[in-house]
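**Student:** 3D model of this:
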Amino acid sequence: MKLLIPMILTVPLLAACASQPPVPNEELAVARSAVANAEDAGAREHAELDLRQARQKLEQAEQARQTGDNQTALQLAQQAEMDARYAAFRARSKRASEAVEELERGIAELRTEVARTLEQSTPGDRQ
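**Tutor:** Numbers count the residues shown, from 1 in each chain. Down below sits the predicted model:
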C-alpha cells in the first residue's frame with residue numbers, strides 16, 4: 001500500500017511529461033527562412049506591417065522555446081511563417097503592379113510618339 005500511493009501520483013506526472021511536444025527547431029528554422037525570403041522579396045518596402053508581425057511572432061516563438069513552452073513556440077513559429085509568406089506575396093504583388101504601371105506608361109508614351117509622327121508626316125511621305 002505504501003508503494004501504491006507514490007506510484008499512483010507518479011503516473012500522471014510521467015504522462016504530463018510525455019505529452020509535451022518536442023522542441024520545434026525545424027519549424028523555427030522554416031519561419032526564419034520565410035522571414036528572410038520575405039525581406040528578399042522586398043517586404044521591407046512593400047509589406048512592412050506584415051513583415052513586422054512575422055518578426056514579432058518569430059521572436060515570441062524563440063522566447064517560448066527558451067522557457068520550454070514548446071506548444072506555444074510551435075504555434076507562433078507556424079504563424080510567423082504564414083505571416084512572412086503573406087508579406088512576401090504582397091511585396092511581389094506590389095512590385096508586379098508597379099512594373100505593369102511602368103509598362104503602361106511606356107506604351108502610352110510610344111502611342112503618343114507614333115501619333116505625333118503620323119500627324120507630322122505628309123501624305124506623300126507614307127508608303
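**Student:** Next, the contact list for the residue most central in space within the chain, please.
**Tutor:** By CA atoms, centre = their mean, the chain has its centre lying nearest to residue 84, at 1.4 Å. Counting by CB atoms under 8 Å, 6 or more residues apart in numbering, residue 84 touches 31, 34-35, 37-38, 43, 50-51, 54, 58. For glycine as for every other residue, the C-beta is placed from the backbone atoms N, C-alpha and C.
**Student:** a markdown table please, covering those residues and showing neighbour count.
**Tutor:** Listed next are those as a markdown table, based on neighbours: other CB atoms under 10 Å:
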| residue | neighbour count |
| --- | --- |
| 31 | 27 |
| 34 | 22 |
| 35 | 23 |
| 37 | 15 |
| 38 | 28 |
| 43 | 26 |
| 50 | 20 |
| 51 | 25 |
| 54 | 27 |
| 58 | 22 |
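**Student:** related to what we said a few turns ago, what about the residue nearest to the centre of the chain, helix or strand, and which?
**Tutor:** Here residue 84, judged by DSSP states H and E, is contained in helix 70-120.
**Student:** from the contacts of residue 84, which is closest to residue 64?
**Tutor:** Sorting these by distance to residue 64 puts residue 58 at the head of the list, at 10.7 Å, by CB to CB.
**Student:** can you pull the contacts of the closest one?
**Tutor:** Contacts for residue 58 were tallied using CB under 8 Å, 6+ apart; they are 28, 31-32, 35, 76-77, 80, 84.
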